[in-house]
Structure formats: structure tokens, C-alpha cells
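Q: Dropping a prediction and its sequence here:
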Protein chains: 2
Amino acid sequence: MKESPRPYHHGHLREALLKAAEKALESGGAQTISLRELSRELGVSHTSPRRHFADKQALLDALALRGFERFEIALGRAAAASGDFKSRLTKLTRAYVNFALKHPALLSLMFEAKHRVDAPRELLEASEKAFAHAHSTYAAGQAAGEVIPGDPWRLSLVVFAAMQGLMVLSTNGKFKGIPLDHLVGEIIERIILGLRPR
Amino acid sequence: MKESPRPYHHGHLREALLKAAEKALESGGAQTISLRELSRELGVSHTSPRRHFADKQALLDALALRGFERFEIALGRAAAASGDFKSRLTKLTRAYVNFALKHPALLSLMFEAKHRVDAPRELLEASEKAFAHAHSTYAAGQAAGEVIPGDPWRLSLVVFAAMQGLMVLSTNGKFKGIPLDHLVGEIIERIILGLRPR
DNA sequence: GGCACTATGTTGTCAATGGAAACATGCTGC
DNA sequence: GCAGCATGTTTCCATTGACAACATAGTGCC
């Protein structure tokens, strides 16, 4: 039955919808995603998405959730590197920036979804999990005496906030014509100076 | 004719639309703004907004532009304060955070609008103008020998990026239960240490 | 082996929306 | 006082998200 011209059941509709939605997201923002448009692309009827997502928002939330999962993986890989605090923090930060540059619309969607008052708990948890990698990197830095004492969450906030803000303040991956990539090192340098015990 | 039950011309429709749109924005996000809904509230026909805004996006852009203008005023007032670099930077940063906490949805809209590929030039200029206050604060700090030399734009980026990120990473005005207000001083402290000549 | 159950997709329909065109009204400058 | 223009209205259309009722197919149970 797999080869019949059009099997009644799509088979992987949920996956296919998410994939198509992400493509649409990257190429035109969350606003431009239309359930009917997606259905048309996939050759299914315009209401079939409802079997998998109660709501358009539910689809967007699912997209955000997968975003956090991939984000977590990317940060996790970077955090696993060895080296001193500075080099580890740099790796982590670059992973962050790379993700943000590769999936700008997705990242926006992720944080927007997280900030909705009725954000699903799953989403908040996925976000926590991803940022936990920063927490552990800081804790290791503290253990090695390279970082002042204090709540690692609060310390890590400084760098991540700076990176996140970097994205928002920049235009088209650049700030005043300078590629973000070049700025990462500089910013980390400044911040680490403020974190070093003295 | 001003007192007739319903004058044919509204008189301040553009202003009224912007005002109503901003109210809707603050209470439900840009998504929830509907031109027809706004028209109904104002008691005009559902197509009248088109006389003032070619497009829904045009209305949102106008909203963003006014946001940048008010933002610029707030930062300008803070930047005008006297004192040493740290106190001036703190004032500036608090102005930023206050604005962000008071108008979260507007701030998102502002940066989103600025990032659109076809963002109107006006918007970019308004954004530049607002952030120029940071530039001048840094330049003054350098002149007084309180800040390391270097392009003030790049230096100011660190603090503003951190603040902007703080907003994005926080949830409901708090980070790990700590009000953002309390974090501002801490973050500035860390960053200034990295900016101080040594 | 057959039959109910359930998951998945479809058809038909609705109200709301953004947008466009043609028209109405009233202000303003000559 | 009138011609032209700015502003608002009416009417219409295609698209959209959502809903209900129905169709199809795969699964488990006897």
C-alpha cells in the first residue's frame, strides 16, 4: 500500500507538519505560517493538522519545544569540552551564537513561547535544561578557583544575557558592520575580567 | 458640529488608532491586534484605518517608531544626569530596564520591526538615535579616564546587550525568583570591572 | 476469522480577518 | 462659492482558523 498514488493515511503527518512549519518559519517568520498552506504543501486536507495539534499555537509550541531540545544538545556538546574556564565559556558562548545565527526566527519563537503566561510547563523545563549547561560550566570554574564565588545561575546570567542581547541589538548578524563572531571574544574577555577573583 | 452625535470625520483617527493599538499590544501581544477590532472600538468603519496605514504592518511599524522615540527620550533623560561613570551608567541602564519592564510587548515589537529585512529606514534611525545616549556616556567615561579606550559603540554594546538579554531570559520580570531590578547593579558591577583601566 | 475500537484523514461549513474598489462627506484654498 | 482633496463608508472577496459529521484503515480482542 505504500506505493499507491495516495494512501489515505499520510503516515508521518505530525513530523512532516513540523518540518514544513520550520521551513516556513525560517523563511518568513511565525506570522506567515498558515495551517492550510502547510496542508496544501503536504497534499493533505486543510483540517488534518488538527488531529496532531489542537491549535495553531500548539504547533508553534511544539516547534519551540523541539528548538529547545536541539539547543540543549548544541550547548551540551560545547559544555563537554575540556580546558580552563575561559576556553570552556568561549566554546559555550560560540555554540549559543552559532545557534542563534542559524535559527534566528526559531530562537525568537522559543523565547516568545516561553514568555506566554500560559506557556506549557514542558517548554519551561526544556529551557531550564538547556541553560543548565552554563550553570555547570560556571560551577567548574569556581571549583578551579577561576571564578568568584556566588550562585552560578546568577553569574552565568551575565554572559548569556549579553549574548542574547547581542542578537537582539544586532542587525542581520552584524553590529555596526562587525560580524557577531568577532565580538564574542571581546565581550567574553570583558566579562571574565569582572568575574575573576582578585 | 463637534457636538453632533457622530461627525462624519473622526478627526484624530490616526492618533486614536495608535493609542488603541498600543493598549491591545500591551494586553495581548501584537498577534491579537485586529484592525477591525480597533475600528469597532473607535466607532469607525473597518476600512478607515487604511487611510492612515497602508497595511497592518504599517501600523505596527508606526507603533514601533513611536516606541523608539519614547525610548530615546527616557534614555536621554537618564544620560543627562551628572556623576561618575558608574553612577551614570547605572542610571542609563535602569532607564532601559524600567522601559522594558513597563512596555515588554512594545519593546519586542520594536526590535522585531527593526530586524525585518524591509524595515523602514526611519525605524533604524530612531533606534540608532536612542542608543547614541549610551555612546556618549561611554565617551565621557573615557574622557575622565574611568573607562579603557576603544570604540564606545563596541563597549556600550556589552552592557546594553546584557540588559536586553536579561529581559529575554527572564520570565515575568524575574530571573530565578530575583526581581530584575536587583540584578542590574550586580551585572553592572561585573561589567564595569572588565571595563576599568588597569 | 471477524468484529468493535480507535487513530487518522476528509468534506462541508462558519465567522472573522485583511485588503481592494467605488462611493459619500466635508474641509480648505483659491 | 466652488473645485479638489483628505477622510470616512459601503460593499465585496479570498484566506484563514476552527468546528462537526463522516470516511477509512489499522489493531486488538474474542
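A: Perfect, thanks for sending it. Residues are numbered from 1 along each chain as shown, chains lettered A, B, ... in the order given.
Q: Any part of whichever strand or helix holds A:Glu26 near DNA strand C?
A: Assessed by DSSP states H and E, A:Glu26 sits inside helix A:13-28. Yes: using CB under 7 Å from any atom of the strand, we find that helix A:13-28 touches DNA strand C at A:Leu13, A:Arg14. (Each C-beta comes from the backbone N, C-alpha and C, glycine too.)
Q: who does that helix touch, helix- and strand-wise?
A: Under the contact definition 3 or more CB pairs under 8 Å, 6 or more residues apart in numbering or on different chains; DSSP states H and E, helix A:13-28 sits against helix A:35-42, helix A:49-52, helix A:56-79, helix A:104-115.
Q: so which of those gets nearest DNA strand C?
A: Between DNA strand C and the helices and strands packed on helix A:13-28, the shortest gap by CB to the nearest atom of the strand is with helix A:49-52, which sits at 4.6 Å.
Q: and chain A, what are its domains?
A: A:1-53, A:58-195 (automatic domain parsing).
Q: Highest mean neighbour count out of these?
A: The highest mean neighbour count among the domains of chain A, using mean count of other CB atoms under 10 Å in any protein chain shown, belongs to domain A:58-195: a mean of 18.
Q: Quick one: mean pLDDT over it.
A: In this model, domain A:58-195 has a mean pLDDT of 91.
Q: starting at the chain centroid, how far to that domain?
A: Taking the mean C-alpha point of domain A:58-195 and that of its whole chain, the gap between them comes to 9 Å (CA atoms, centre = their mean, to the nearest Å).
Q: quick one: that domain near chain B?
A: Yes: counting by CB under 8 Å from any CB of the partner chain, contacts between domain A:58-195 and chain B involve A:104, A:108, A:111-112, A:114-115, A:124, A:131, A:151, A:153-154, A:157-158, A:160-166, A:168-169, A:171-172, A:175-176, A:178, A:183, A:186-187, A:189-195.
Q: Filter the residues you listed down to just the ones in helices.
A: Counting by DSSP state H, the part of those found in helices is A:104, A:108, A:111-112, A:114-115, A:124, A:131, A:153-154, A:157-158, A:160-166, A:168-169, A:183, A:186-187, A:189-195.
Q: Near DNA strand C, which residues of chain A? Just list them.
A: Proximity of chain A to DNA strand C, by CB under 7 Å from any atom of the strand, involves residues A:8-11, A:13-14, A:44-48, A:50-52.
Q: Can you lay out those as CSV showing distance to DNA strand D and pLDDT?
A: Below are these laid out as CSV (distance: CB to the nearest atom of the strand, whole Å; pLDDT from 0 to 100):
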residue, distance to DNA strand D, pLDDT
A:Tyr8, 4, 60
A:His9, 6, 68
A:His10, 11, 77
A:Gly11, 8, 79
A:Leu13, 13, 95
A:Arg14, 15, 96
A:Val44, 12, 96
A:Ser45, 8, 96
A:His46, 6, 97
A:Thr47, 4, 97
A:Ser48, 9, 96
A:Arg50, 6, 97
A:Arg51, 9, 95
A:His52, 12, 96
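Q: Which two of those have the greatest separation?
A: A:Gly11 and A:His46 (18.4 Å; CB to CB).
Q: re earlier: quick check: angle from the helix holding A:Glu26 to helix A:56-79?
A: Here the directions of helix A:13-28 and helix A:56-79 differ by 80 degrees (axes from the mean of the first three to the mean of the last three CA atoms, to 10 degrees).
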